[in-house]
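Asker: structure, please.
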Amino acid sequence: PYSYLAAAYEGGDVAQLQQVGLSITTTDEAVLRFPATAGRQYRIVLGTGGSGHHSFEEFTFRTWTPPPGDRFDAPIELTDGDYPLYFKPFPGTLEGATLEPGEPEPFSPNWVSIWLRWTAPADGLFEFSLGITDGTWRILEGDSLASLTGEEVQTGWTREVTAGDSFLIHHQAWTNSDKSAGCRFHAIPANDPFQEATDLGSTELITVSAEPYASSLEPGEPQWVSENGGPFHPGSLWWKWTAPRSGVLRVRSEFDSRFFDEMIAIVRGDSLDTLETLAIDNDWFQEILLPVTAGEELRIVAATPNTRLEGSVALTLEFRDAPDNNVWFRALDLGNVVDVTGAGTTIGTIREPFEGDAAAGGSAWWTWTAPRAGSLAVIADIASEPEVVQVYRSDGAGGLVPAAGTTVAAGSSGGAKAVAVSEGEQVW
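Answerer: Just a heads-up that it's a prediction; the model follows:
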């Protein structure tokens, strides 16, 4: 094929000529673009290659005002921060743009370029992404064309940044090329560090939400979640809460469905190296019930193995008072009727020293007086964890001794073995 050449020069004679633009093509049209300064004279040479005689049939000259971002020292400032790919047009146009001497070498001499600059408004995560686009995109750093360092972006580019970090985005392509790019900034969540845990005070019912995007695990922090072979980016968020009085704390979490293998935990300690894990839940639906003591400060952590997924976690804290019949001497009196039903909960309760390991999770108490001599049977319907049903008698010295007992599985009914009682005898 024949080649067509168009070149632009400036200079007073042949010996002083300096090339300012060049276009070589094998198509029927040679397009020459070069930066021009008002009042300056330029010389344009046109030529062909190959055998035979060929001529240029038409010449068209057009001038453009250089668009914003045409020069390295005057880039377009991306002040809005976020330009989501496909949802918000990325600034800049190549129409009328040029190439400067000293720019990174273009793929084609007919390419032009624009420059954009993004500066981090805070510590966080900067992401640059490409859609269907022509030409080349580079993320660069440097104070001059000669000192530029960086890399060409193929599909996307991510970097953890510190407030004030600045990056140049350099795009080279044909003037009428498709330009599909975007960038996003995610600030590091305020409660990402352990020491910056969000203080929930002593509130008794609250729901809070946060986005774990751009969070991380600190040095010394437990590996709460598995990376499952990765490469993922595990991270955590922290809250702290102080018990208003003794009772039980219920914590529930709800992660967006795009998350997986997430977890919550309740811990105690003033630093990462002194943490004591009190409860942890990494089931599909996370919920923790934990007895607490008045004035006790606890920390709640929510973690996910991939903090590059957009979404949120909602955390609900609910405090409940321990039931009045938590101790045997405040047992609820069921009277002395033959058939009687009582109800209650062991949530938020503690065990008394004489109860032993059978009541490790806490206990609730009732008392009943036999209307006549006979046999007592206690039937319990258990809703949650397996529990122990135990009958006690008075030891005659102000204390109690066990009479009979059995363990009842969750979601079933069962009870203590039959206990012989005498008329007027009080049991617990």
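
Asker: find the helix or strand that residue 46 is a member of.
Answerer: Under the assignment given by DSSP states H and E, the secondary-structure element containing residue 46 is strand 43-49.

Asker: how far does that strand sit from its chain's centre?
Answerer: Put simply, strand 43-49 sits 58 Å off its chain's centre (CA atoms, centre = their mean, to the nearest Å).

Asker: quickly run through the sheet partners of that strand, with directions.
Answerer: As defined by DSSP bridges, the strand partners of strand 43-49 come to strand 3-10 (antiparallel).

Asker: hmm, who's touching the strand it pairs with?
Answerer: The set of residues that contact strand 3-10 without belonging to it, under CB atoms under 8 Å, 6 or more residues apart in numbering, is 17-32, 34, 40-50, 56. C-beta: built from backbone N, CA, C; applies to glycine.

Asker: could you check the pLDDT of residue 410?
Answerer: Note on residue 410: pLDDT of 55.

Asker: number the chain from 247, please
Answerer: Sounds good: first residue 247 from here, last item residue 656.

Asker: quick one on the thing from earlier: now the helix or strand following the strand holding residue 292: average pLDDT?
Answerer: On the C-terminal side of strand 289-295, the closest following helix or strand by DSSP H and E is strand 322-323. Mean pLDDT, taken over the full extent of strand 322-323, equals 94.

Asker: direction included, what does strand 322-323 pair up with?
Answerer: Paired strands of strand 322-323, with direction, are strand 358-365 (parallel) (DSSP bridges).

Asker: ok, residue 426 to residue 522 distance?
Answerer: 51 Å (CB to CB, to the nearest Å).

Asker: what does the pLDDT read for residue 420?
Answerer: At residue 420, the pLDDT recorded in the model is 83.

Asker: need phi/psi at it.
Answerer: Geometry field for residue 420 lists phi and psi as phi -70, psi 160, criterion degrees, to the nearest 10.

Asker: can you report how many residues lie near it?
Answerer: When neighbours are defined as other CB atoms under 10 Å, residue 420 has 16 of them.

Asker: what stretches of the protein score poorly on pLDDT?
Answerer: Counting by pLDDT under 70, the chain contains low-confidence ranges at 247-248, 274, 295-303, 472-478, 503-507, 529-531, 594, 602-607, 629-632, 652-659.

Asker: wait, residue 270 touches residue 354, no?
Answerer: No. Checked against CB atoms under 8 Å, the pair residue 270 and residue 354 is beyond contact range at 9.2 Å.

Asker: quick one: which of those two has more around it?
Answerer: When neighbours are counted by other CB under 10 Å, residue 270 and residue 354 differ, and residue 270 comes out ahead with 16 against 13.

Asker: what strand or helix carries the more buried one?
Answerer: The secondary structure element spanning residue 270 is strand 264-271 (assigned by DSSP H and E).

Asker: please say which of residue 426 and residue 522 ends up with more neighbours.
Answerer: Set side by side, residue 426 and residue 522 give different neighbour counts by other CB under 10 Å, the larger being at residue 426 (15 against 8).

Asker: show the contacting residues for that one.
Answerer: Contacts for residue 426 (CB under 8 Å, 6+ apart) come out as 331-332, 336, 376-379.

Asker: got it, and residue 407?
Answerer: If you count contacts by CB under 8 Å, 6+ apart, residue 407 has them with 366, 369-372.
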